[in-house]
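Enquirer: Everything below, folded, please.
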Amino acid sequence: MEFSCNLDDLEEKGLTFTEYFILWKLYNHVEYRNISINMAVYDKLISKNYIIKNDEEVQGYTLSENGKVFFEPDKSLFEEFIKIFPTRAVDSMGVARILSPATPESIAAKKLKKKWTNITKNKYENQKYIIECLKKEVDYRTKTGKLSYMKGIEAWLNNGVWEDFAYLLDEVNTENGLSNNKDIKL
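Expert: Predicted structure coming up:
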């Protein structure tokens, strides 16, 4: 499992690296060895309403809803992403291929949600950009009859396929006399 964080984002949110590390550890259910963290850091996270101390029977801490916000983006954008992504595509031979989960509540979608969160870095603008690129790709593939060549949703996210179709956003805006020089780096 990979741990990564943007220190500028932490500063924006008023968190130290150690505080974020604890939140990440709790969210991903990871135990660490050979790292000693002062209990005052846990107390500070409790006072900031990011974690909750478990009762006496269950030792440890759990994330509060406030703490989960760092790792789970606005649910509606993930749901929109799942709804836009084609569920299946049929090739010229009539064979259907599954591309994505049918609903955001499915087991496969719940696994994808963590990947979505890691890739979008919990930023609304990144999420909207990816969704706009997805819409353009689906529209392009539907019009050209090449929907069956679309990658499955997991490979699509892992490989950053939206970057391959970002040029379609520029073409549409250029046709309308608008310029879209906004590059979003993920």
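Enquirer: where exactly do the helices run in the chain?
Expert: For the chain, applying DSSP state H gives helices covering 7-13, 17-28, 39-47, 65-68, 75-84, 107-120, 124-144, 153-158, 167-175.
Enquirer: Would you mind saying which of these lies nearest Asp91?
Expert: Proximity to Asp91 (C-beta to C-beta) singles out helix 124-144 among the helices of the chain, at 12.3 Å. The C-beta positions use only the backbone N, C-alpha and C, and glycine is treated the same way.
Enquirer: What residues sit buried inside that closest one?
Expert: For helix 124-144, a neighbour-count test (16 or more other C-beta atoms under 10 Å) marks 126-127, 129-138, 141 as buried.
Enquirer: now stretch 162-170
Expert: Those would be Trp162, Phe165, Ala166, Leu168, Leu169, for stretch 162-170 by 16+ other C-beta under 10 Å.
Enquirer: Quick one: low-confidence residue ranges for the chain.
Expert: 1-4, 56-59, 73-76, 172-186 (pLDDT under 70).
Enquirer: and this protein, what are its domains?
Expert: The chain breaks down by automatic domain parsing into domains covering 7-68, 75-175.
Enquirer: Need the winner for burial among those domains.
Expert: The highest mean neighbour count among the domains of the chain, using mean count of other C-beta atoms under 10 Å, belongs to domain 75-175: a mean of 15.
Enquirer: That domain: how far from the chain's middle?
Expert: 12 Å (C-alpha atoms, centre = their mean, to the nearest Å).
Enquirer: on that earlier part again, of the buried residues of stretch 162-170, closest to Leu26?
Expert: Trp162 (30.2 Å).
Enquirer: Distance check, that closest one against Phe81.
Expert: Using C-beta to C-beta, to the nearest Å, Trp162 is found at 10 Å from Phe81.
Enquirer: Extract the CA atoms of stretch 11-22 and return them as PDB.
Expert: The C-alpha trace of stretch 11-22 is given here as PDB (Å, rounded to 0.1, in the frame of the first residue of the first chain):
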ATOM      1  CA  GLU A  11      -1.100  23.200   5.600                       C
ATOM      2  CA  GLU A  12      -4.400  24.500   4.000                       C
ATOM      3  CA  LYS A  13      -6.400  22.200   6.200                       C
ATOM      4  CA  GLY A  14      -4.400  23.000   9.400                       C
ATOM      5  CA  LEU A  15      -3.000  19.500   9.800                       C
ATOM      6  CA  THR A  16       0.500  18.300  10.600                       C
ATOM      7  CA  PHE A  17       2.100  15.400   8.700                       C
ATOM      8  CA  THR A  18       1.800  13.200  11.800                       C
ATOM      9  CA  GLU A  19      -1.900  14.000  12.200                       C
ATOM     10  CA  TYR A  20      -2.600  13.200   8.500                       C
ATOM     11  CA  PHE A  21      -0.600  10.000   8.900                       C
ATOM     12  CA  ILE A  22      -2.800   8.900  11.700                       C
END
